[in-house]
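Q: sequence? don't have it. structure:
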């Protein structure tokens, strides 16, 4: 359990750094570039999606490495069959981060803690991105009149 806690903390820390740096640098670039507002907003949306995708991949790699490490932490399907493979871990990460949670792949063992923290991180980061994008759109809408 302590290993999962440590691995989750490392991945979460990396995700926070990635997300903060992406939003910070994006706000700097948006001030520096003199492009029309709609393109600035579009670029911001695409960069936010890119940041979320990188964060999901980090968790996916974490699941893959941890489930490959021992038999205590594993991903299983609804019938209890073991799920292996990197892209299955990545798919599980996408479903967890976005809180979509199909339920076709579920974590077993202490790795459940990591899945719960990923769902929380996804919720917070999606809201963080939405608030950033709202502010960017608000700047654009101010200049329309």
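A: All right, it came through fine. All figures in this text were calculated on a predicted structure; none of them were measured in a lab.

Q: As a check, name the ranges of all helices in this protein.
A: 2-32, 37-69, 86-97, 111-142 (DSSP state H).

Q: which residues touch residue 79?
A: Applying C-beta atoms under 8 Å, 6 or more residues apart in numbering to residue 79 gives no contacts. To be clear about C-beta, it is placed using only N, CA and C from the backbone, and glycine gets the same treatment.

Q: Need phi/psi at it.
A: Here is the backbone geometry of residue 79 (degrees, to the nearest 10): phi -90, psi 0.

Q: quick one: it from residue 19, how far?
A: Computed as C-beta to C-beta, to the nearest Å, the residue 79 to residue 19 distance reads 36 Å.

Q: cool, and residue 119?
A: Using C-beta to C-beta, one gets 16 Å for the distance from residue 119 to residue 19.

Q: More neighbours: which of those two?
A: Each of residue 119 and residue 19 had its neighbours counted (other C-beta atoms under 10 Å), and the higher figure belongs to residue 19 (21 against 17).

Q: Let's see the pLDDT reported for the more buried one.
A: The predicted structure scores residue 19 at 96 on the pLDDT scale.

Q: what's the offset of stretch 34-51 from the middle of its chain?
A: Distance, stretch centre to chain centre, for stretch 34-51: 18 Å (C-alpha atoms, centre = their mean, to the nearest Å).

Q: Ok, stretch 19-29 next?
A: Distance, centroid of stretch 19-29 to centroid of chain: 16 Å (C-alpha atoms, centre = their mean).

Q: can you list the residues that contact that stretch?
A: Contacts with stretch 19-29, where a contact means C-beta under 8 Å, 6+ apart, come from 43, 44, 47, 48, 50, 51, 55, 125, 128, 129, 132.

Q: can those go into CSV with extra columns for pLDDT and neighbour count?
A: Output for the contacts of stretch 19-29, formatted as CSV (pLDDT from 0 to 100; neighbours: other C-beta atoms under 10 Å):
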residue, pLDDT, neighbour count
43, 89, 16
44, 91, 23
47, 94, 19
48, 95, 22
50, 96, 12
51, 96, 21
55, 98, 24
125, 97, 21
128, 96, 16
129, 96, 20
132, 93, 19
